[in-house]
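Trainee: fold the following and give me the result.
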Amino acid sequence: MIDRFREVYGSAEGVRVFRAPGRVNLIGEHTDYNLGFVMPVALDLACYIAVAPSADGKLRMYSEHRDEMREWDAARIGAELPAHQWTDYPVGVAQELIREGFFVEPANLSIRSTVPEGSGLSSSAALEVSGALAFLNGRELEPLKLARLCQRAERNFVGMPCGIMDQYISVFGRENSAVEIDCRSLEHRDVQLPAGITFLAANTMVKHALAGSAYKERVAECAAAVEGIRQQIPEVASLRDVSVAQFESVANRLPEVVRRRARHVVTEDDRVERFVDASERGDLALMGKLLVESHRSLQYDYEVSCEELDFLVDTALGIEGVLGARMTGGGFGGCTVTMLRPDAVSGFSQEITGAYERKYGLKPTVYSCKPSSGAGEVKNFEKIPPQA
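Mentor: Numbers count the residues shown, from 1 in each chain. Sure, this is the predicted structure:
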């Protein structure tokens with residue numbers, strides 16, 4: 001990566017490299033922007049950004065994946081408008097840093113990512129967080145402020161009304177541990193996963209066009225559900241505040257679509273808490289059951305799954321050694337996450353890829369979901385993997 005940086009920019013003097021991971025969410029989907037609970041793991045798939053000072057007042061970003069360079073006057077980066085391309089993520093972060101009082105210095109950046117785009121493994125948050133660290137280039141920003149700043153960049157500049165899960169886990173990821181996040185208090189706790197299981201993500205290799213618009217619709221539908229429930233239970237400020245019993249007592253007063261959206265969020269928050277408890281007790285059967293329940297809720301109540309995701313989940317559940325499976329991420333494509341016994345990994349990968357290829361003519365990539373550490377500076381350049 002440093003050699004490539006030198007080829008692109010002519011020199012690698014003063015270069016530093018920062019890394020931020022992607023994530024897979026084990027359970028707790030579409031609950032973060034409802035201020036509920038999520039349980040992701042940071043992955044060893046990550047975005048790496050090499051950065052060195054620029055002597056001519058320019059801010060440049062080179063993408064290895066695209067073999068593409070973009071350039072701005074660093075002094076005017078705060079006035080840039082969205083370009084509706086990949087650079088919006090780091091440019092949005094730069095503008096939020098300026099609002100926080102940081103000077104975005106002229107610099108040359110080279111970006112390498114092993115997080116596949118459109119996979120639902122949060123390549124965007126990995127780019128945002130690693131971009132923020134590269135712009136800071138050693139200057140300190142408290143970790144929670146860093147995560148919230150990157151979320152604001154995606155909401156305000158990119159225009160996606162996302163919750164904080166992706167940026168949060170990219171900052172706070174823990175090696176060998178899942179992280180349960182309370183998206184209201186923004187506190188978290190590490191959750192040790194039981195021995196005798198592993199998680200794999202399988203990429204559908206598709207991303208359907210309505211993903212972005214449907215996401216915004218679901219945010220609005222959840223807000224409508226809150227308004228409807230508040231008429232009966234005034235203290236409700238978000239769907240996070242509604243227990244399963246409370247929801248059942250008011251469900252028939254909500255319009256059908258809004259009722260189904262709310263039912264998913266309320267029951268999903270409950271599933272996260274039960275999943276954490278089952279994990280701590282080593283109840284593998286219940287963990288797998290909750291994963292499947294989560295998928296069916298996303299499939300039928302929240303309606304963010306798709307044919308390809310459903311096929312991967314249904315196929316996985318018929319493979320020896322699989323304990324549970326569900327879609328993960330925003331939906332309409334991207335990845336599934338499967339919980340299985342470690343000795344079943346090889347057979348699972350062969351069966352799932354073969355079945356999917358026969359059905360859709362696409363070969364799904366299967367990733368090991370090894371919990372990884374959160375974002376930071378890379379001191380040992382030899383550990384930087386090749387561009388995916």
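Trainee: which elements pack onto the longest helix anywhere in the chain?
Mentor: Using DSSP state H, we find that the single longest helix of the chain is helix 256-281. Counting contacts by 3 or more C-beta pairs under 8 Å, 6 or more residues apart in numbering; DSSP states H and E, helix 256-281 is packed against strand 16-27, strand 37-53, strand 178-182, strand 187-191, helix 211-230, helix 244-250, helix 284-296. (Glycine included, C-beta is placed from N, CA and C.)
Trainee: partner strands of the second one and their direction?
Mentor: Taking DSSP bridges as the criterion, strand 37-53 forms sheet pairs with strand 16-27 (antiparallel), strand 107-113 (antiparallel), strand 178-182 (antiparallel).
Trainee: so where is the protein shaky, pLDDT-wise?
Mentor: 209-212, 388 (pLDDT under 70).
Trainee: got phi/psi on Pro82?
Mentor: phi -60, psi 140 (degrees, to the nearest 10).
Trainee: and the gap between it and Met160?
Mentor: Using C-beta to C-beta, to the nearest Å, Pro82 is found at 11 Å from Met160.
Trainee: show me which of the two is the more surrounded one.
Mentor: Met160 (17 against 13; other C-beta atoms under 10 Å).
Trainee: so that one, which state does it fall into?
Mentor: Per DSSP: H, G, I helix; E, B strand; the rest coil, the local secondary structure of Met160 is coil.
Trainee: hmm, back to that, let's have the helices and strands packed on helix 256-281 in TSV, adding mean neighbour count and distance to Ile164.
Mentor: What follows is the helices and strands packed on helix 256-281, written out as TSV (neighbours: other C-beta atoms under 10 Å; distance: least, C-beta to C-beta, whole Å):
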stretch	mean neighbour count	distance to Ile164
strand 16-27	27	12
strand 37-53	25	9
strand 178-182	23	8
strand 187-191	14	11
helix 211-230	17	14
helix 244-250	14	24
helix 284-296	20	20
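Trainee: would you turn the ones you listed into CSV with distance to Leu97?
Mentor: Listed next are the helices and strands packed on helix 256-281 as CSV, based on distance: least, C-beta to C-beta, whole Å:
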stretch, distance to Leu97
strand 16-27, 14
strand 37-53, 13
strand 178-182, 23
strand 187-191, 24
helix 211-230, 25
helix 244-250, 40
helix 284-296, 36
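Trainee: Asp88 is in contact with Glu80, isn't it?
Mentor: No: using C-beta atoms under 8 Å, Asp88 is not in contact with Glu80; the gap is 9.1 Å.
Trainee: the two: which is more packed in?
Mentor: Between Asp88 and Glu80, counted using other C-beta under 10 Å, Asp88 has the larger neighbour count: 21 against 17.
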